[in-house]
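Undergrad: sequence first, predicted coordinates after that:
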Amino acid sequence: MPYPDKLLAADEEVVRHLHPHWLTLFGPVVAFLLIVGGASFGAAMVPDGRQQGVVRMVITGVALALLVVFVLAPVLRWRTTHYVITTHRLLFREGVLARHGRDIGLSRITDVSYRQTLWERLISSGTLTIESAGDGSATVLKQIPDSDGVQQLLNHMIEEDADRRAQENAGYIRGDGYGSAHPTALL
């Protein structure tokens, strides 16, 4: 079962599943082109001789190491970073080998704000800052596509979660199943 479906509760649904903005891949693509071009040029410029094969192998090895550091790692970081908004919580996961993440219940979120630079505004990206009750520090999600739209969606989902919890609590307190049954079942 793929992420995040394996983490969802029975009555929980994914509202929005995001990765960081696609322009975060611009740097790795440029690095790929420069490294491959530089390695190809360097290998072509090696003079003929006994050591030609060894020098080309060294150039290839250095190029591969640079590709792993400057291309593969950022692409895998982008691919494995997930921002998931569900009907009950916000899920954040990042990393390949060393992973970290956080689950924040919508009822615990006290403030959601976004910040955009001029460039981020032009590309419709930004940074979300989420403050939650009982936690010492805010959760900062960077390079979020449509950050202002995601902020509005989170605020809307927080309100819906509060309404859902109020209906569930009202039905529990009254003891008549109000809020937990289908509206037509009460007739």
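TA: That came through, no problem. Numbering: from 1, shown residues only.
Undergrad: how close does the residue positioned nearest the centre of the chain get to L67?
TA: For the chain, H82 is the residue whose C-alpha lies nearest the centre (C-alpha atoms, centre = their mean; 3.1 Å). Remark: distance between H82 and L67 (C-beta to C-beta, to the nearest Å) = 25 Å. Every residue, glycine included, has its C-beta placed from N, CA and C.
Undergrad: quick one: average confidence on stretch 14-30?
TA: For stretch 14-30, mean pLDDT is 91.
Undergrad: again, but for stretch 114-123
TA: 91.
Undergrad: return the distance of it from the chain's centre.
TA: Averaging C-alpha positions (C-alpha atoms, centre = their mean, to the nearest Å) puts stretch 114-123 17 Å from its chain's average.
Undergrad: check stretch 116-127 too.
TA: Worked out by C-alpha atoms, centre = their mean, stretch 116-127 lies 16 Å from the chain centre.
Undergrad: picking that back up, hmm, the residue nearest to the centre of the chain is touching L7, no?
TA: No. Look at H82 against L7 with C-beta atoms under 8 Å: they stay out of range, at 10.4 Å.
Undergrad: got any residues that touch both of those two?
TA: L91 (C-beta atoms under 8 Å, 6 or more residues apart in numbering).
Undergrad: buried set for the top helix by length along the chain?
TA: Longest helix in the chain, counting residues (DSSP state H): helix 147-174. Neighbour counts over helix 147-174 (16 or more other C-beta atoms under 10 Å) mark 147, 150-151, 154, 157-158, 161, 164 as buried.
Undergrad: which helices and strands does it pack with?
TA: Packing partners of helix 147-174 (3 or more C-beta pairs under 8 Å, 6 or more residues apart in numbering; DSSP states H and E): strand 14-18, strand 82-86, strand 109-115, strand 125-132.
Undergrad: what does the longest one rub up against?
TA: So the one you mean is strand 125-132. Looking at what lies outside strand 125-132 - C-beta under 8 Å, 6+ apart - the contacts are 21, 23, 90, 104, 108-117, 120, 138-148, 150-151, 154.
Undergrad: now the angle from that strand to strand 82-86?
TA: 60 degrees (axes from the mean of the first three to the mean of the last three C-alpha atoms, to 10 degrees).
Undergrad: list the buried residues for the helix or strand following strand 125-132?
TA: The helix or strand immediately downstream of strand 125-132 is strand 139-145, counting by DSSP states H and E. Residues 139, 141-145 are the ones in strand 139-145 that count as buried (16+ other C-beta under 10 Å).
Undergrad: out of the residues you listed, who's nearest M45?
TA: Q143 (37.9 Å; C-beta to C-beta).
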